[in-house]
Every structure is written in structure tokens, then in C-alpha cells.
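1. Here's my sequence, what's the structure:
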Amino acid sequence: MHVTHLSLADFRSYARVEVPLDPGVTVFVGANGQGKTNLVEAVGYLATLGSHRVSSDAPLVRMGAERAVVRAAVTQGERSQLIELELNPGRANRARINRSSQVRPRDVLGIVRTVLFAPEDLALVKGDPGERRRFLDELVTARSPRMAGVRSDYERVLKQRNTLLKSAAMARRHGGRSMDLSTLDVWDQHLARVGAELLAQRLDLIATLQPLADKAYADVAPGGGPVALEYRSSLGADMALSRTREELYEQVTAALAQARKQEIERGVTLVGPHRDDLVLGLRGMPAKGYASHGESWSYALALRLASYELLRGEGNEPVLVLDDVFAELDTRRRERLAQLVAPGEQVLVTAAVDDDVPGVLAGARYAVSEGVVERL
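-> The predicted structure follows:
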């Protein structure tokens, strides 16, 4: 699968830009702040309905504009599709496929698949659990686009349940009468059902990703492993997580019942996938806090390369995006990374200096300056 044309209107710094793309390697070169990352960010948005740089859509719309449009032509085998997303901060976004009547934005998921490695990925190793949960859930959705609906349902149920718990906590603190919490049982069932589905997908993903991540780390940093991926659940240390959805449902339900008194006191849901973590091990120790800066970079890179191999092995090779990565790596890691990704069907690279990009990544070159993208 590869993107053959990218069109942006009022996206980030671009009032309008048209960029034809070829299979193989394409490098966007330009000084910092000139807009090269905005191009690959747009491709990533088509794949995930989100940005790797910001948590909301508002910064993606050019200053002074009401909305932004990201449009791309995509080819997979003999099939070509045109997808379009209209970003409307504060209102519902819109989507089209092949210029048809509007569809839901999440209906475009799976048409474009990307694996993006950027400087922000260091947070996968050194950052908070939320960074690693996001990594898992985006990859789960890339494997199975229907999981976007499951994730949305979980967030909706969690919000409703937290609202009820917060109201109960406020009533207790102010000496009011106890609230009727009979509806909490209903929300518990909903949360356990969608939570079990999300848990099952995460656990299956980690089991599949583990050997790929270990191999990828050995490729990037020979002799530096092994690595281990361990899912740390909020359900309680005495609960052995199963991968069957029904058993997971029972485990989440039991954990919610056990935590209910404390949740009512604190006014927040304390157990569930939103409280879990992916613990990254390196040579038998937690990578967070023990891995050096170089090892942390290698680990983050290994997670992305493993994701790439996983998706490619499932039949739809993703676009591989390397956003300003080579400047952060030493020469050895730079060359090894380039050799690993060069055979990809489509590889998009951004760099401030063309010399930072290893020669093995030969292909199209674009100069990006002040919102102008010119092929060299």
C-alpha cells in the first residue's frame, strides 16, 4: 500500500499544497519550522484520526481558517481509493471515500496504515503509562479498525461512570443524603464488557509483538537485549489475566466490585484498561529508569520496527514514516536503521540536513521552505 498523492488545504502552515508521491523512499528536506513534518503528520492523521504531536485537532487548522482538509489518493495492489477528511474543531469532522456521500471519519481507518517514528517516541520508554497505552491502542486499531468503535464506547462509558462517582463523592463530602447508585451496576456491566474486549486485543497484541520487538532490538543494537513486554493490569495482583473475553469480563466485574467503596470515596474509576501499563524490560530490568539514553532510543525504535513487521506480515504493508529521526541517532544506529527500512514499499523521511539521511535511502527528494514544496 502506498500514497500516490497528498493534498492539503488550510492544514497547519499550508494554505494549499499538492504533493505527488512515488513508491519507495521520499525525503523532505528543510530547516526546522518550514513545514516538512506537517506533511507526514497529515499522512499519519489519515491512518489514525489523530496527530503524533498534539492531542486535539485545533492546532492542525491554519490560523484564521475555519477548517482544514486532508486528501490522499491511495493504491493497494490494483485498487485505488481517494479519501478525504475535513477537520472542524469544536464540531464533528467529516469524511469522504471516493467522493461518495459523507461517511463517518472512522470508516476511513484501515485504508491508510502507517508506522511513524519521531523524536516524541522517546516517551514510549521514558514517559507516563498513557504514552504506552496509546501506542498499544493505536496498533490494535491499525490491526482491526472496528476497535476504534470499542475504544470510543469505552471512553464514553468511563466518562458517564466517573460523572456518577464524582456526584456521589461530592454528596458524601457535603453531608448530603446518599445518592441512589443502582445505575452504577449498569455502568459496571457496560465498562466490563467493552473493557474486556480492549484487554483481550491488547494481550493478544503483546503476545504477537514480543518476539518481533526482541528481534528488532537485536537488529538495531546487536548484543544489547533481550527485551520483554509485560502487561501490568489495574485489576489486582491476585488476578491472572486470561485472553478469553468472557473470563476477562468476569475479572473486570470482580475488580470493580472490590474497588467500589474506594471509588465512591474518591469519585473516580480506579480499575480498567485506562489505568493499565505496558512495562518494558531490558536485560531483566525495567527500561524506564535503567536504560541509557541510547538504549531508550533503540527500544523506542524497536517497538516501531516491530509494529511495522507485524502489520506487514498481516497483508497490508504500512507506510513507514521517519520524522526527523536520523539527527537523533549516532552513525551506527543511523546506518542500521536505514538498511532495515530501505526495502519498504513506501518510506517517508524528514530531515533538516540532507547529509543526515544515509545514502542507502535513495529516492525522491523534496525541498520544503516557507510552505513551498519543490521536487529536486
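2. For the stretch 151-300 of the chain, give me the ranges with low pLDDT.
-> The stretch 151-300 of the chain contains residues with pLDDT under 70 at 175-180, 237-243.
3. which residues in the stretch 151-300 of the chain form strands?
-> 227-232, 277-282, 285-286 (DSSP state E, counting those that start in this stretch).
4. Pick the most buried one from those.
-> strand 277-282 (a mean of 20; mean count of other Cβ atoms under 10 Å). The C-beta positions use only the backbone N, C-alpha and C, and glycine is treated the same way.
5. Please name every helix or strand in contact with that strand.
-> helix 129-143, strand 227-232, helix 287-290, helix 293-313 (3 or more Cβ pairs under 8 Å, 6 or more residues apart in numbering; DSSP states H and E).
6. returning to that earlier point: distance to R99 for the strands of the stretch 151-300 of the chain - can I get that in a markdown table?
-> Conversion of those to a markdown table gives the following (distance: least, Cβ to Cβ, whole Å):
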| stretch | distance to R99 |
| --- | --- |
| strand 227-232 | 42 |
| strand 277-282 | 40 |
| strand 285-286 | 50 |
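7. Quick one: closest of the ones you listed to F11.
-> Checking the strands of the stretch 151-300 of the chain against F11 by Cβ to Cβ gives strand 277-282 as the closest, at 31.5 Å.
8. how far is that closest one from where the chain is centred?
-> Relative to its parent chain, strand 277-282 has a centroid offset of 17 Å by Cα atoms, centre = their mean, to the nearest Å.
9. Can you tell me the strand partners of that strand and which way each runs?
-> According to DSSP bridges, strand 277-282 forms sheet pairs with strand 227-232 (antiparallel), strand 285-286 (antiparallel).
10. Run the chain-centre distance for the last one.
-> When you say that, I think you mean strand 285-286. Its chain's average C-alpha position is 24 Å from that of strand 285-286, according to Cα atoms, centre = their mean.
11. picking that back up, comparing the helices and strands packed on strand 277-282, which comes out most buried?
-> Scoring the helices and strands packed on strand 277-282 by how many neighbours each averages, mean count of other Cβ under 10 Å, gives helix 293-313 as the top one, at a mean of 22.
12. list the helices and strands it packs on?
-> Here helix 293-313 touches strand 114-117, helix 123-126, helix 129-143, helix 182-220, strand 277-282, helix 287-290, helix 331-341, going by 3+ Cβ pairs under 8 Å, 6+ apart.
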